[in-house]
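1. Sequence plus the predicted model coming up.
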Amino acid sequence: MDAKELEGVALFSTLSGKEREQIARHADGLTVPEGTELAREGQFAHEFFVVQEGTAEVRRGEEVVNELGPNDFFGEIGLLETERRTATVVATSPLRVIVMFQREFRKMERDHPEIADRLRAAITARLAD
């Protein structure tokens with residue numbers, strides 16, 4: 001992934017250019033069509049997503065509990081706190097996301113703990129809002 005793509009993403013806005021370059025080395029861009037299920041409630045969590053373009057809905061059971069759009073993220077709870085997904089996320093339009101797999105996040109934690117700490121802090125702060 002090109003680090004330039006991360007410049008306009010709120011989650012990475014407090015990181016330096018060099019730190020965004022490190023994130024870019026561990027992340028991938030993905031485009032999926034409307035209707036794609038990106039996460040399923042109760043399944044093991046292996047990745048974290050940041051929405052760049054498009055929309056998605058978050059469901060718990062049959063209930064829609066949230067709508068996601070650009071700069072929203074999901075999968076962080078499964079990646080950082082629990083092993084299993086707490087909700088299902090389905091694209092409601094064509095969707096472009098940044099994805100970081102758990103394996104890559106753990107590698108970044110080992111190789112660049114200061115960046116992982118800053119990313120964790122940004123996620124925690126955003127969840128508190």
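-> That came through, no problem.
2. just checking, next helix/strand downstream of the helix or strand of the chain with the lowest mean pLDDT?
-> Across the helices and strands of the chain, mean confidence by mean pLDDT, DSSP states H and E is lowest for helix 76-80: a mean of 72. On the C-terminal side of helix 76-80, the nearest following helix or strand under DSSP states H and E is strand 88-91.
3. That following strand: partners in the sheet, and parallel or antiparallel?
-> Strands that pair with strand 88-91, judged by DSSP bridges, come out as strand 37-39 (antiparallel), strand 56-60 (antiparallel).
4. Tell me which of the ones you listed sits nearest to residue 77.
-> Residue 77 sits nearest to strand 37-39 of all these, at 10.1 Å, using Cβ to Cβ. The C-beta positions use only the backbone N, C-alpha and C, and glycine is treated the same way.
5. what is the rounded mean pLDDT of that closest one?
-> The predicted model assigns strand 37-39 a mean pLDDT of 96.
6. just how off-centre is it within its chain?
-> The chain centroid and the centroid of strand 37-39 are separated by 12 Å, computed with Cα atoms, centre = their mean, to the nearest Å.
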